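J.: Here you go, sequence then predicted model.
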Amino acid sequence: MCRSIKDHEDCSLLQNDLNNLVEWCNKNRLFLNVNKCHFINFHKVAKKYQSYVIDSKALSYVKTVKDLGVIIDENLTFVDHINYVTAKASKVLGYILRSCADLSLNTIKAVYSSLVISILEFSSIVWSPFYNVHVVCLERVQNKILRFAAYRLGYNVIELNHNYTIIRSDLNLHSLKDRRIINDLAFIYKLLNSEINCPDLLKLINLNIPNHDLRNNNLFHVPHHSTNYGLNSPIDRTLSRLNDLDIDLLERYRNPKLKVPLLQDLLIKDKYRICLMRVIGNSVLRNLLF
């Protein structure tokens with residue numbers, strides 16, 4: 001249950017909605033555990049919050065809440081979630097490397113892709129980090145298995161100056177950041193082609209229709225943002241990237257299978273050349289990505 005709060009009247013309306021919910025639950029004998037009910041405010045700046053009650057019992061205020069597996073904080077930075085998945089994935093990877101040390105690299109990579117990457121990429125479209133400090137924090141998890149592989153393959157990580165590009169190439173892996181980019185692009189494709197049925201998200205995508213013949217040939221209209229937070233919101237972030245890559249998702253990709261044609265277009269851009277060549281060349285990894 002949520003509502004945009006601008007004044008005390010909105011607070012009263014939210015409390016009224018809460019009362020109606022409690023009444024409906026009691027009528028259907030679905031009693032709420034007040035001790036497990038909380039409320040959270042999402043805001044840009046610190047504000048005083050009004051308390052809310054259920055059956056005359058005040059609800060506790062929390063700064064983070066876990067919803068559908070994603071930890072959401074009051075400032076919507078997702079830092080707590082990034083720290084959580086990093087720690088969880090690191091523990092799982094440590095167990096894999098200890099218990100599977102004698103297995104082949106291909107087997108270890110398969111286990112890693114199944115158990116660790118799934119943790120690091122769950123709902124990444126929502127919380128994908130845009131500050132380098134958080135990107136590096138996530139990459140450190142994968143670097144652990146790359147260092148393990150480097151030892152197996154006879155590489156000296158110190159001589160490589162901890163540059164794992166060659167090792168990723170040998171393992172047909174690519175950075176977690178590039179995987180998140182591909183997942184973002186695939187999400188927009190599926191949204192535009194009705195593979196994901198969500199009108200509320202679809203209406204956020206606007207086509208760019210200039211009044212005059214301009215040099216701006218961007219397919220999608222992305223509103224101007226004065227903050228990093230707005231610039232990196234999931235939809236606008238991905239539409240901006242699609243404009244930069246100059247990919248026409250509406251005309252070329254009538255085939256329900258997005259993978260290869262989309263990735264072939266992405267190869268035009270040098271920034272993503274190495275990682276996407278790995279995806280096209282590895283059918284198993286393509287299935288994991290989409």
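T.: All right, it came through fine. Residues are numbered from 1 along each chain as shown.
J.: Please count neighbours and contacts with C-alpha atoms only from this point.
T.: Will do.
J.: in this protein, which spans are helices?
T.: Taking DSSP state H, the helices of the chain run over residues 8-27, 79-99, 105-115, 117-121, 124-127, 132-153, 165-171, 176-192, 199-202, 228-231, 234-245, 259-266, 273-280, 283-289.
J.: and the last one, average pLDDT?
T.: What that stands for is helix 283-289. Per-region confidence: helix 283-289 scores 40 on mean pLDDT.
J.: Check the first one too.
T.: In this model, helix 8-27 has an average pLDDT of 91.
J.: just to revisit the earlier point, JSON lines please, covering the helices of the chain and showing mean neighbour count and distance to residue 60.
T.: Shown next, in JSON lines, are the helices of the chain (neighbours: other C-alpha atoms under 10 Å; distance: least, C-alpha to C-alpha, whole Å):
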{"stretch": "helix 8-27", "mean neighbour count": "14", "distance to residue 60": "14"}
{"stretch": "helix 79-99", "mean neighbour count": "16", "distance to residue 60": "19"}
{"stretch": "helix 105-115", "mean neighbour count": "15", "distance to residue 60": "35"}
{"stretch": "helix 117-121", "mean neighbour count": "18", "distance to residue 60": "30"}
{"stretch": "helix 124-127", "mean neighbour count": "18", "distance to residue 60": "25"}
{"stretch": "helix 132-153", "mean neighbour count": "16", "distance to residue 60": "30"}
{"stretch": "helix 165-171", "mean neighbour count": "16", "distance to residue 60": "47"}
{"stretch": "helix 176-192", "mean neighbour count": "19", "distance to residue 60": "35"}
{"stretch": "helix 199-202", "mean neighbour count": "12", "distance to residue 60": "31"}
{"stretch": "helix 228-231", "mean neighbour count": "14", "distance to residue 60": "28"}
{"stretch": "helix 234-245", "mean neighbour count": "18", "distance to residue 60": "30"}
{"stretch": "helix 259-266", "mean neighbour count": "16", "distance to residue 60": "46"}
{"stretch": "helix 273-280", "mean neighbour count": "19", "distance to residue 60": "46"}
{"stretch": "helix 283-289", "mean neighbour count": "13", "distance to residue 60": "40"}
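J.: out of those helices, nearest to residue 220?
T.: Of all those, helix 234-245 sits nearest to residue 220, with 6.4 Å by C-alpha to C-alpha.
J.: Return the angle between stretch directions for the closest one and helix 176-192.
T.: Counting by axes from the mean of the first three to the mean of the last three C-alpha atoms, to 10 degrees, helix 234-245 lies at 100 degrees to helix 176-192.
J.: Just the CA coordinates for helix 234-245, please, in PDB.
T.: Provided in PDB are the C-alpha atoms of helix 234-245 (Å, rounded to 0.1, in the frame of the first residue of the first chain):
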ATOM      1  CA  PRO A 234      15.700   2.000 -15.200                       C
ATOM      2  CA  ILE A 235      13.600   3.100 -18.200                       C
ATOM      3  CA  ASP A 236      15.400   6.300 -19.100                       C
ATOM      4  CA  ARG A 237      18.900   4.700 -18.500                       C
ATOM      5  CA  THR A 238      18.100   2.000 -21.000                       C
ATOM      6  CA  LEU A 239      16.500   4.200 -23.600                       C
ATOM      7  CA  SER A 240      19.500   6.500 -23.500                       C
ATOM      8  CA  ARG A 241      21.800   3.600 -24.100                       C
ATOM      9  CA  LEU A 242      19.600   2.400 -27.000                       C
ATOM     10  CA  ASN A 243      19.800   5.900 -28.600                       C
ATOM     11  CA  ASP A 244      23.600   5.800 -28.300                       C
ATOM     12  CA  LEU A 245      23.800   2.400 -29.900                       C
END
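J.: Need the contact partners of that helix.
T.: 125-126, 128, 181, 184-185, 188, 204-205, 218-223, 230-231, 266, 269 (C-alpha atoms under 8 Å, 6 or more residues apart in numbering).
J.: Domain ranges for this protein, per the record?
T.: 8-62, 79-172, 178-289 (automatic domain parsing).
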